[in-house]
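# Give me coordinates for this.
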Amino acid sequence: MKQVTIYTDGACSGNPGPGGWGAILQYGSHTRELSGGEAHTTNNRMELTGVIEALSLLKEPCQVELYSDSKYVIDALSKGWAKSWQARGWVKSDKKPALNPDLWEKLLNLCQRHSVRCHWVKGHADNPYNNRCDELAVGEWQKFRKPQE
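You can find the predicted model right below:
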């Protein structure tokens, strides 16, 4: 299997509000940046979307090292929470509905196709790839800002 490294980040101005996501994919000597955004969303939806969009680009099953500063994403994947929510019909252990089931469904399907190892990185710190993903995500939500009158 090909070895791919993915860094992702999501950002939102207000929560909910305009949001953006950024991702960096690395395979061998190749690096690709991608980003996108939505006019009205949440930070967690943008964090999830960044991972989904990056994994969706992979044309064949890969060994993926995933780096994110989102405890929500990393813990839900690595600790099996998302699979448990899915098994219970998108209900968490506290009986409250799991948020973002549409995105978790997509992400869990992608995680079945690829072998994904999750790594949490401290946000806004010394990881240049995470910092670049943050720049991409912020740049995307800024596109939705209303012009000053």
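# Now do the buried residues in the helix or strand where Y67 lies.
Using DSSP states H and E, Y67 falls within strand 62-68. The neighbour-count check on strand 62-68 (16 or more other CB atoms under 10 Å) flags C62, V64, E65, L66, Y67, S68 as buried. C-beta: built from backbone N, CA, C; applies to glycine.
# and if you look at stretch 83-97?
For stretch 83-97, the neighbour count (16+ other CB under 10 Å) marks W85, W90 as buried.
# how far is that stretch from where the chain is centred?
20 Å (CA atoms, centre = their mean, to the nearest Å).
# For this structure, which segments count as helices?
For the chain, the helices defined by DSSP state H occupy 43-56, 71-78, 81-87, 101-113, 128-142.
# Can you tell me which of these is packed in deepest?
helix 43-56 (a mean of 23; mean count of other CB atoms under 10 Å).
# Tell me which residues are up against that one.
6, 8-12, 15, 19-23, 25, 34, 36-38, 64, 66, 68, 70, 72-73, 99-100, 103-104, 106-107, 110-111, 113-114, 116, 133, 137, 141 (CB atoms under 8 Å, 6 or more residues apart in numbering).
# next one: stretch 74-83
Under the contact criterion CB under 8 Å, 6+ apart, stretch 74-83 has outside partners 66, 68, 85, 92, 98, 104, 107-108, 111, 116, 118-120.
# and those as a markdown table, adding distance to L48?
As requested, these are exported to a markdown table (distance: CB to CB, whole Å):
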| residue | distance to L48 |
| --- | --- |
| L66 | 12 |
| S68 | 10 |
| W85 | 13 |
| K92 | 16 |
| A98 | 12 |
| W104 | 7 |
| L107 | 6 |
| L108 | 11 |
| C111 | 12 |
| V116 | 13 |
| C118 | 13 |
| H119 | 17 |
| W120 | 15 |
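# ok, which pair from the residues you listed is furthest apart?
By the measure CB to CB, K92 and H119 form the most distant pair in these, at 23.9 Å.
# need the contact list for S35.
Contact analysis of S35 by CB under 8 Å, 6+ apart lists G20, W21, G22, A23, L136, A137, G139, E140.
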